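>>> Below: sequence and its predicted model.
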Amino acid sequence: MAKPNLTVTLEPIIAGKATYLPLGAATSDGQPQAEIVLRLHIINNESNRVTVTGISISFPQSRTPVSMKQIDTYNNMNLFGGADTYWSNGFVYLDPINKKDQWPNMVFLNFTPTRVTVSLTCKNGNTGTNYSEPYTVTQDLTPHKSPTSEESYLFPYSISDLRSMEYFTASALHRTGNGGRKGTQIFAHDIGIVGFNSELQKWSDTLTDSSSKNEDYRIWDKPVRAIAGGDVRDWRDTVDDNTVLHKFPDKPSGAPDNWTSGNYIKIRTSRRFSTGSTVSEITVFCHLKKGSIPNSLKQLGAVVNAGDIIGHVGNSGHTTGPHTHIECTDSSNALRPLPFHDAWIVDYNKIISTNTDGMWVRLLGQGVPKDSVAVWPNSEKPYVDPLPRPPVVEGTWQTVRTGHRLIYLRSSRILDWEPASGHYRIWDYDENATNSNPLKWPPVTQGTWATIKTGHELVFISPIDKMLDWEPATGHWRLWNYDHNASGNMNPLSGPYDQASSSNGLLGPGRIVVAITYFLLIWEPSSGHWDLVLYKTSPPFPDVELFSGDHAEGTWKSIRTGHRIIDLGRAPFENDKPRVLDWEEQSGHYRIFRFDNNAIDTNASPLTGPVVMSGIWEDRAGHSLVHFGGNRVLDWEPASGHYKIWNYDRR
């Protein structure tokens, strides 16, 4: 006998070509892959039985076919005459009797495939005689395109629902089931949230060490969102959430066949092409929280827009804990991949251990990788908190509170100034303190300024050891020499050097001055207008012209009232480009920019894009942030005196 008389068709298939899922790499220097999952519909055209004994998958770019293991998982490979069956390359057990040694039959390639050949070796089921030739089917391969204008889907969550140092997590390996012979769940995802536990120094899907209640899980009750526009095809919203965790529940008495899905909603997404054909896919979101599907969606054909909340994460159905199961099929229930767009991924174990600033990978029509990754569902590049926990030191100051200003001088000296009284103290700052007050008692020097009081602003200009003292109400300014060696009751500010020169109209009401290396940034929050001045210095000091040097100006649209600008200094590996923090206290939103030393030459904004990182701090309203030199940032709450000093992660 040559080859068996079979008919074998493949899915997923669109426009006559089989499709595969391109996978994003877990890091920017990692290897992207192609995931090949095929559903075979096998029809026996003979009158005698045909038994399929082996299946292999091969590609033109590789001479070695991939042999599938344990192909008769569902005891359906012995076909009587005229019978048909389905097979798909999902997970199998190498020890099926004891359900041990799980093995992925999915094919992951490190190259882009263009064609696929599936070979079936068979024997005559009546006589046991092997066919001398395999049955083969060859199909062109192409990346899968979803029926949306982007040809891919949104990730079903929003970053607005994440806490600090939390990420969604997903993997291309759906280990809890194939979805039967047709393999509808092989491309599925079980999605959760992980967060970094700084005390235990590990990632965890729970908020504490406890995992006995649904509420312990970070993902519990998070809004689930539509991955594309479409219409509702089916739903269920009345199943109680499981309260016993870490074990699969038994099937409830009288439950329907699809009870394992728990509460779910099915949404159809369609796209009509210029050829006149329409392609549709149906996505199902399972294990939703009881009663969380909006009433407006509980009707056949209800319209859904991309990003709409369609339910909340629950623990209903055949689950061991809160998560969302999402899978996609076509209208005939044939499996479909899930490529995503506007999402970023990275191996979450790299987030803490290495510099991830450039390691995130953007998904633009790719799926998540084989191994579990952190997922950031947003078009903008994700961020890592630049002030990572734990703080270097924290405590409470009894005398450094509301009404005080703290200014970093240089060489680990801190000016503590109380404008209302004019009283000042200069502290030695112990940058190595971890369990004690970093401002070492007694102060190096202290006293009271008679003329530097309320209504004045002080800006220390480190490269020239001078203090700018100016009055916003009048624009009047003075430049003092700073004496680093002052001690006891000696006044550390001597002079003034210059109090007559004009500021060329740059200083005045509503302005803020920030010293950044050899530049003065003068900013008016109400209008967003900024001026940048390169102040002139010529030895021997103090021959200084502050406001008559080269100058650039412009207007920021997004850095205005309510924002604060803080110089974070520079480091050699940044090519001498300082970092500048733009922080909006009330919303907690922050951005870190590189400062462009050439901005005056180009008359462009000195805060250059792209943003180094951005994010939201949830708990810093009412705080003051002060750069304490090097990589240290003071986070101080004047009302209580509580302080934390963070190690700023420049990476």
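Looks like it arrived, so ask away. Quick caveat: nothing in here was measured; it's all calculated off a predicted structure.

>>> got any ranges where the stretch 51-200 of the chain has weak pLDDT?
Along the stretch 51-200 of the chain, segments meeting pLDDT under 70 span 198-200.

>>> Show me where it has its strands.
Along the stretch 51-200 of the chain, counting by DSSP state E, counting those that start in this stretch, strands occupy 62-67, 78-79, 84-88, 91-95, 100-104, 107-109, 115-124, 135-143, 166-170, 189-197.

>>> Check the stretch 401-550 of the chain too.
405-408, 413-418, 423-429, 439-448, 457-461, 466-470, 477-482, 493-498, 512-516, 519-524, 529-534, 536-538, 543-545.

>>> between these, which one is nearest to T9?
strand 529-534 (65.0 Å; Cβ to Cβ). All C-beta atoms are positioned from the backbone trio N, CA, C, and that covers glycine.

>>> Out of the strands of the stretch 401-550 of the chain, flag the one nearest A25.
Nearest of those (Cβ to Cβ): strand 512-516, 37.0 Å.

>>> next SSE after the lowest-mean-pLDDT helix or strand in the chain?
Sorting the helices and strands of the chain by mean pLDDT, DSSP states H and E puts strand 543-545 at the bottom, at a mean of 59. Sequence-wise, the next helix or strand downstream of strand 543-545 (DSSP states H and E) is strand 551-555.

>>> What is the neighbour count of the residue nearest to H312 when sequence neighbours are not counted?
Residue nearest to H312 in three dimensions, not counting chain neighbours: S292, with 3.8 Å by Cβ to Cβ, 6 or more residues apart in numbering. S292 has 20 neighbouring residues, counting by other Cβ atoms under 10 Å.

>>> wait, is S292 part of a helix?
No - applying DSSP: H, G, I helix; E, B strand; the rest coil, one finds S292 to be coil, outside a helix.

>>> Now do the same contact list for it.
221, 237, 263, 311-312, 314 (Cβ atoms under 8 Å, 6 or more residues apart in numbering).

>>> thinking again about what came up before, ranking the strands of the stretch 51-200 of the chain by burial, who's on top?
When you average the neighbours per residue for each of those (mean count of other Cβ atoms under 10 Å), strand 166-170 leads with a mean of 24.

>>> what residue ranges in the protein score low on pLDDT?
1, 198-201, 352-358, 383-384, 496-503, 536-545, 571-576, 609-610, 651.

>>> Pop the domain breakdown of it in here.
Following automatic domain parsing, the chain resolves into domains at 6-143, 159-376, 393-647.

>>> Determine which stretch of those domains is the most buried.
domain 159-376 (a mean of 19).

>>> quick one: it to chain centroid distance?
16 Å (Cα atoms, centre = their mean, to the nearest Å).

>>> Could you tell me the end-to-end distance of that domain?
7 Å (Cα to Cα, to the nearest Å).

>>> do the same with stretch 14-25
Criterion Cα to Cα; first-to-last residue distance in stretch 14-25 is 25 Å.

>>> Stretch 421-436 now?
The first residue of stretch 421-436 is 28 Å away from its last residue (Cα to Cα).

>>> Need the residues that contact that stretch.
Residues contacting stretch 421-436 (Cβ under 8 Å, 6+ apart): 392-393, 395, 408-409, 412-418, 438-440, 443-453, 486, 492, 628-630, 632.

>>> Now do stretch 91-111: everything it contacts.
Contact with stretch 91-111 is made by 23, 31, 33-37, 57, 59, 61-62, 66, 68-71, 73, 89-90, 172-175, 177-178, 186, 370, as judged by Cβ under 8 Å, 6+ apart.

>>> Same question for stretch 405-416.
By Cβ under 8 Å, 6+ apart, stretch 405-416 touches 400, 404, 417-419, 424-431, 439, 443-444, 458, 460, 462, 465, 482, 484, 492, 624, 626-629, 634, 636.

>>> do the same with stretch 583-594
Counting by Cβ under 8 Å, 6+ apart, 386, 562-566, 568, 574, 577-582, 607-609, 611-623, 625 sit against stretch 583-594.

>>> Tell me which of those residues fall in strands.
Judged by DSSP state E, those include 563-566, 579-582, 607-609, 611-616, 625 as members of strands.

>>> still on that earlier bit, out of the contacts of S292, which comes closest to T142?
Nearest to T142 among the contacts of S292: G311, at 33.1 Å, using Cβ to Cβ.

>>> my read: the closest one touches V224, true?
Yes - look at G311 against V224 with Cβ atoms under 8 Å: they come within range, at 4.9 Å.

>>> joint contacts of those two?
285, 288.

>>> Look up how far I516 lies from S146.
From S146 across to I516, the span is 47 Å (Cβ to Cβ, to the nearest Å).

>>> scratch that, W617
Taking Cβ to Cβ, one finds W617 at 22 Å from I516.

>>> Likewise for H341?
H341 is 38 Å from I516, by Cβ to Cβ.

>>> Let me see the ranges of the helices in the stretch 201-350 of the chain.
Here the stretch 201-350 of the chain has its helices, by DSSP state H, counting those that start in this stretch, at 349-353.

>>> Where do the strands of it begin and end?
Using DSSP E, counting those that start in this stretch, strands in the stretch 201-350 of the chain cover 202-204, 223-225, 230-236, 263-272, 278-288, 303-304, 309-312, 324-330, 335-336, 340-346.

>>> which other residues reach the first one?
In this case it means strand 202-204. 194-197, 218, 348-349.

>>> Closest one to P322 out of these, please.
R218 (8.8 Å).

>>> contacting residues for that closest one?
163, 166, 192-195, 204-207.

>>> from those residues, which two are the most distant?
Greatest spatial distance in the contacts of R218: R163 and G192, 13.8 Å, computed using Cβ to Cβ.

>>> isn't G81 right next to N44, touching?
Yes - with contact defined as Cβ under 8 Å, G81 reaches N44; the gap is 6.1 Å.

>>> Turn the contacts of R218 into CSV, columns for distance to L506.
Output for these, formatted as CSV (distance: Cβ to Cβ, whole Å):
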residue, distance to L506
R163, 42
E166, 44
G192, 53
I193, 49
V194, 49
G195, 46
S204, 52
D205, 53
T206, 54
L207, 50
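
>>> what's the closest of those residues to T114?
Of the contacts of R218, the one sitting nearest to T114 (Cβ to Cβ) turns out to be G192, at 35.4 Å.
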